[in-house]
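The sequence and its predicted three-dimensional model are supplied below.
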Amino acid sequence: MTILDDLAAAIGPAYVLTGQDTAKWQQDWTGDYTLAPQAVVRPGTTAEVAAVLKIANAAKMPVVPVSGNTGLTGATSNDGALMLSVDRLNKIQKIDPAGRSITVGSGAILSSIHDAADAHDLIFPLTFGARGTAMIGGALSTNAGGSNVLRYGNTRDLCLGVEVVLADGRVMNLMSELHKDNSGLNLRNLVIGAEGTLGVITAAVLKLFPKPRAYATAVVAVPRIEDGLDLLNTIQDASGGAVEAFEYMPRSYIDRHLERKSDAKPPFDTDYDHTVMIEVGATADKDAKPDANGEVPVKLLLETTLATMFESGRVLDAVVAQNDAQRTEMWARREAAGEILFDPGIAVNTDIAVPLSQVGPALRGITERLKAIDPDVTEIIVSHLGDGNIHHTSYPRRNNPDVMAAMVEAVEDVVQEVGGSFSAEHGVGKSKLDTMRRRKDPVALDVMRTIKNALDPNNILNPGKVIPD
């Protein structure tokens, strides 16, 4: 029997796909990477995942786990590997409203988790533009960030427990609902963010949170990017730390959005260089329930604070959403980033994080160094400004691989000088392997290789990703 016969016997022939049946898995969202699997397997249970990995490990066949395939770093790229899709592990297994947790399969789509939580007047706060197709297994594997990190943290902070199948088919049960557990090494956090190189996540216990009773959302123009940090701190102090999102969109981004989206509207009647979208969420009735005049306290708080800052010149302009339609329009502008910034082949995309006080100096330093490489380069930036995560995209005047590589290193240089990270929320995958080799502490890389070799001695799990040779 061939390995495909063994796999078919283990999980059923209908779930071992070859040839044209694998077309759905032959391209990721970017289209920049080769995805040419020998077969795609779709196990429906943890036991079936274990059987697949046991067979693959015995044959030393590479296995590339795949969820919604919405990543940006080539983490699912392969040529002749076995792709293991978790799409059938999509059940909402349990909701504990009192304990504020939800147990899901790793193939559960993010928006379906949102809906399940909403039915109990709770939220799972992880959100980003691809939430309608992205699966929680992929979000865990990349330790995804999104727009609400400022208040709730990254995916790792939202997870209580995981179930993981190791390379040899053993199942590691870390499905705890505990908020405190100091029983040895934190293996849960080790596999979260490992991008499928240490094991295949099959299920998770996630934290739920109170659903905000009201939102106050605004777009605000500030004189300088540094004034954005002043705005954030002022609203945080006034609201008791209730800022959920704080998104920076400079003029270049607004112009690009207007150019690419026919139905787009400018945020203001006047053009400004620095625009921030801010959202405050109120969970207490005292902040969310309209007063005798029909004013929602959290919205009134935001309006009053912005008015005071406007009078002192710390804010140039502001529009506060007066209804859900206006709030949706503000969010649509920000969440279009992936679609409007991506140009296959001619864009240098970076996903960096810097200390909050260094965002302005870092961006100015990056511009200066890129201009020295290519005077005609253009830049477009969008940022989760509240947590220092910058998505910087540069467009050189011509498609020259050497120039583009030099631009990547120029960004890396600035990020390293200000104490930042070259990888904030998209993961490392394949695209940042050279950067890992150049910039990551060599001792840290040696420790990573040691862990990888111990858990996956045959190197079958997503080989050639995350950890450079």
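Looks like it arrived, so ask away.

what about the helices in the stretch 201-350 of the chain?
Using DSSP state H, counting those that start in this stretch, the helices found in the stretch 201-350 of the chain span residues 225-239, 251-260, 285-288, 297-311, 324-335, 337-341.

helices or strands up against the second one?
Using 3 or more CB pairs under 8 Å, 6 or more residues apart in numbering; DSSP states H and E as the contact definition, the elements that helix 251-260 packs against are strand 274-282, helix 337-341, strand 378-384. For every residue, glycine as well, the C-beta is placed using N, CA and C.

How about the shortest one?
Using 3+ CB pairs under 8 Å, 6+ apart as the contact criterion, the elements in contact with helix 285-288 are helix 297-311.

got the domain boundaries for the protein?
For the chain, automatic domain parsing gives the domain ranges 3-85, 92-210, 214-337, 343-426.

CSV please, covering the ones you listed and showing mean neighbour count and distance to residue 464.
Shown next, in CSV, are the domains of the chain (neighbours: other CB atoms under 10 Å; distance: least, CB to CB, whole Å):
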stretch, mean neighbour count, distance to residue 464
domain 3-85, 19, 8
domain 92-210, 20, 10
domain 214-337, 17, 28
domain 343-426, 18, 17
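
Please look at residue 428 and residue 194 and confirm they touch.
No - judged on CB atoms under 8 Å, residue 428 makes no contact with residue 194 at a distance of 9.9 Å.

which SS state does the closest residue in space to residue 464 that isn't next to it in sequence fall under?
Counting by CB to CB, 6 or more residues apart in numbering, residue 430 is the residue found nearest to residue 464 once chain neighbours are left out, at 6.6 Å. Three-state assignment for residue 430 (DSSP: H, G, I helix; E, B strand; the rest coil): coil.

Report pLDDT for residue 430.
As predicted, residue 430 sits at a pLDDT of 95.

pretty sure it contacts residue 71?
No - between residue 430 and residue 71 there is no contact under CB under 8 Å: 10.0 Å.

returning to that earlier point: residue 469: which of the domains of the chain is closest?
When the domains of the chain are compared by CB to CB, domain 92-210 sits nearest residue 469, at 13.0 Å.

hmm, who's touching the helix or strand where residue 7 lies?
Under the criterion of DSSP states H and E, residue 7 resides in helix 3-11. Contacts with helix 3-11, where a contact means CB atoms under 8 Å, 6 or more residues apart in numbering, come from 1, 16, 18, 39, 41-44, 48, 51-52, 55-56, 59, 61, 82.

taking those residues one by one, which sit in helices?
Mapping these onto helices (DSSP state H) picks out 48, 51-52, 55-56, 59.

so can I have CSV of these showing distance to residue 134?
As requested, the ones in helices among the contacts of helix 3-11 are exported to CSV (distance: CB to CB, whole Å):
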residue, distance to residue 134
48, 23
51, 26
52, 22
55, 28
56, 25
59, 31
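
Pick the one among those residues closest to residue 348.
residue 56 (35.5 Å).

isn't the closest one right up against residue 462?
No - the criterion here is CB under 8 Å, and residue 56 misses it with residue 462 at 11.9 Å.

about what we covered before: as CSV, the helices and strands packed on helix 251-260 with distance to residue 263 would be great.
Output for those, formatted as CSV (distance: least, CB to CB, whole Å):
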stretch, distance to residue 263
strand 274-282, 18
helix 337-341, 13
strand 378-384, 19
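
Mean pLDDT lowest where, among the ones you listed?
Looking at the helices and strands packed on helix 251-260, the bottom one is helix 337-341 with a mean of 87.

buried residues in that one?
Neighbour-count burial for helix 337-341 flags 337-338, 340-341 (criterion: 16 or more other CB atoms under 10 Å).

And the residues you listed, which two are furthest apart?
338 and 340 (7.7 Å).

do you know which of the helices and strands packed on helix 251-260 lies nearest residue 32?
helix 337-341 (13.4 Å).

Show me the shaky parts of this protein.
Applying pLDDT under 70 to the chain flags the ranges 1, 344-345.

Alpha carbons of the longest helix along it, as CSV, please.
Of all the segments of type helix in the chain, defined by DSSP H, the longest one is helix 401-417. Extracted as CSV, the C-alpha positions of helix 401-417 are listed here (Å, rounded to 0.1, in the frame of the first residue of the first chain):
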residue,chain,number,x,y,z
PRO,A,401,15.0,42.2,-6.2
ASP,A,402,18.3,43.7,-4.9
VAL,A,403,16.7,47.1,-4.3
MET,A,404,13.7,45.5,-2.5
ALA,A,405,16.0,43.4,-0.3
ALA,A,406,18.0,46.5,0.6
MET,A,407,14.7,48.2,1.6
VAL,A,408,13.8,45.3,3.9
GLU,A,409,17.2,45.5,5.6
ALA,A,410,16.9,49.3,5.9
VAL,A,411,13.6,48.9,7.8
GLU,A,412,15.1,46.2,9.9
ASP,A,413,18.0,48.5,10.8
VAL,A,414,15.7,51.2,12.1
VAL,A,415,13.5,48.8,14.0
GLN,A,416,16.5,47.2,15.7
GLU,A,417,18.0,50.6,16.7
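
ok, and what's touching that helix?
348, 350, 352, 354, 362, 365-366, 369-370, 372-374, 377, 392, 394, 396, 421-422, 435, 438-439.

Out of the residues you listed, name the ones that lie in helices.
Checked against DSSP H, the contacts of helix 401-417 include these in helices: 362, 365-366, 369-370, 372-373, 435, 438-439.

Can you lay out those residues as CSV showing distance to residue 225?
Shown next, in CSV, are the ones in helices among the contacts of helix 401-417 (distance: CB to CB, whole Å):
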residue, distance to residue 225
362, 10
365, 13
366, 12
369, 18
370, 17
372, 21
373, 23
435, 25
438, 27
439, 24
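
Please name the bridge partners of the residue nearest to residue 320 when sequence neighbours are not counted.
In space, and not counting its chain neighbours, residue 320 is closest to residue 218: 4.4 Å by CB to CB, 6+ apart. Beta-bridge pairing for residue 218 (DSSP bridges): residue 278, residue 320.

Tell me if I'm right that residue 218 and residue 322 touch.
No - in this structure, residue 218 is not within contact of residue 322 by CB under 8 Å, at 10.3 Å.

what's the distance between the residue nearest to residue 320 and residue 299?
As for residue 218, its distance to residue 299 is 9 Å (criterion: CB to CB, to the nearest Å).

Over to residue 216?
According to CB to CB, residue 216 stands 4 Å off from residue 299.
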